[in-house]
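# Structure of the sequence below:
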Amino acid sequence: MKSKKTFPFQKSIVFRLLISVILIFIAMTILSNFAISKRQETLMSEMGEELENVLVDSQENDILLLIVDNAQLKSTTEFQMYSFSIMIATILLGSLAFFLIIMHVIKPLKVLTEKVSLIDIDNVESLRNEIVMSKGGYELEELSKSFDAALNKIYESYEKQKQFSANVAHELRTPLAVLRTKIDVFKKKQGHKDAEIEYFISTMENNVTRLSELVEGILFLSRDAQPQYSQVNVRSLLEEILLDVEDKAKEKEISMTIKGEDVVVLTDDMLLERTLLNLIDNAIKYNVEGGYVEVSLSESESEVVIQVADTGIGISDEKKKHIFDLFYRIEESRSRVTGGYGIGLALVQNIITRLGGSISVSDNIPQGSIFQVVFKK
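Model prediction:
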């Protein structure tokens, strides 16, 4: 039978606060009584001196009549006011001491709050940060341990899913490569000019391509490869990308422009190219016939900004919250028409984060969307 865990009351926050209240109460009582007794001694000493003077001036058989005048009554009233003031001052002093003690006791709670606030659900690596508090009381320590254990379970579950996805994607690479080869061989054969067969081959080829891109994307997300940094001319890179997607843009009569001067940034050229190609390809894919794609570059002393604007149907505010989630698709019907499994923007955000940048999306007035990538210098 499992033994019940005992509660170490002496290490708890409640015990510390209880002891603090008792000690403060004792200190307040001693302090107030000491101050009042000192004042009483002073008054008694003054009255004793007056009485002594009266006795010195009187004769042996004189009858003494002591009269309490207004001054003495006033002195008594002042003593009462003094006693009341001492009580008020002692209470205020005790309250201040109790406040400082409470601030000291809950300071570890603030530290725990700061540690928890550093956890970013979009950055799974932050789940590995240990948040166990060894100081601050038994309750806080147990709370931090429970929270840390929950985060560890989440991280372990994520690692298992990540490894499973990587294994599945790896296993799919070979059969997809075989399918692509078979399709290429079949296309080169003579005598297959039937429209239905041509359509079938084209459909097979498109779907194999989509699956291959999905597999490569999952494998990339599962890898923890470090970027290879170098000085990259972003405008030159964009010109090459626009040249690559020119045919796709012409099919929808979409015009493409680049605004801004040469901008050089320290980054991984291969990863940045993959990111910008994905954003521009999406801007074409989800654009309207006869629309435009505008890529703008700007820089300041502290950052480099790259914007990709389109004239597509746009993204609602509610869907903007999930646009970078893995496997999230804005519309199932639109995804079936344009292709894609909702991994592209998740991949983009992952790359941008690895490169130390950030990405956001906003509305392009009057129509479309603007994706903004920011790199700190």
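
# Gly312 should be in a helix, yeah?
No. The assignment for Gly312 (DSSP: H, G, I helix; E, B strand; the rest coil) gives coil, which keeps it out of a helix.

# got the phi/psi numbers for it?
Per-residue torsions, Gly312: phi -80, psi -160 (degrees, to the nearest 10).

# hang on, isn't it packed against Tyr286?
Yes. Assessed by CB atoms under 8 Å, Gly312 is found in contact with Tyr286 at 4.4 Å. The way it works is simple: take the backbone N, C-alpha and C, and place the C-beta from them, glycine included.

# what's the spacing between the strand or helix carrying Lys107 and its chain's center?
Under the criterion DSSP states H and E, the helix or strand holding Lys107 is helix 70-117. Relative to its chain's centre, helix 70-117 lies at 38 Å (CA atoms, centre = their mean, to the nearest Å).

# Can you name the next helix or strand after it?
Downstream of helix 70-117, the first helix or strand assigned by DSSP H and E is helix 138-188.

# Could I get the average pLDDT for the following helix or strand past that next one?
The helix or strand immediately downstream of helix 138-188 is helix 195-222, counting by DSSP H and E. Throughout helix 195-222, pLDDT has a mean value of 78.

# by contact count, what packs against helix 195-222?
Other helices and strands packing on helix 195-222, by 3 or more CB pairs under 8 Å, 6 or more residues apart in numbering; DSSP states H and E, are helix 138-188, helix 344-354.

# which one of those is the most hemmed in?
Among the helices and strands packed on helix 195-222, helix 344-354 has the highest mean neighbour count (mean count of other CB atoms under 10 Å), at a mean of 20.

# Let me see the residues that make contact with whatever helix or strand comes next after that helix.
Using DSSP H and E, the next helix or strand after helix 344-354 towards the C-terminus is strand 357-363. Residues from elsewhere that reach strand 357-363 (CB atoms under 8 Å, 6 or more residues apart in numbering): 314-315, 320, 323-324, 348-349, 352, 369-376.

# May I see the ChimeraX selection of the buried members of those residues?
Buried subset of those, written as a ChimeraX selection, criterion 16 or more other CB atoms under 10 Å:
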select :314,315,320,323,324,348,349,352,369,370,371,372,373,375
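
# Mark which of the contacts of strand 357-363 are part of strands, please.
If you go by DSSP state E, the contacts of strand 357-363 have 369-376 in strands.

# could those be laid out in CSV, adding distance to Val305 and pLDDT?
Converted to CSV, the ones in strands among the contacts of strand 357-363 look like this (distance: CB to CB, whole Å; pLDDT from 0 to 100):
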residue, distance to Val305, pLDDT
Ser369, 16, 92
Ile370, 11, 93
Phe371, 11, 95
Gln372, 6, 95
Val373, 7, 95
Val374, 5, 94
Phe375, 8, 92
Lys376, 11, 88
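
# For those residues, give me a markdown table that also has distance to Asn33.
Converted to a markdown table, the ones in strands among the contacts of strand 357-363 look like this (distance: CB to CB, whole Å):
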| residue | distance to Asn33 |
| --- | --- |
| Ser369 | 75 |
| Ile370 | 73 |
| Phe371 | 73 |
| Gln372 | 69 |
| Val373 | 71 |
| Val374 | 66 |
| Phe375 | 69 |
| Lys376 | 63 |
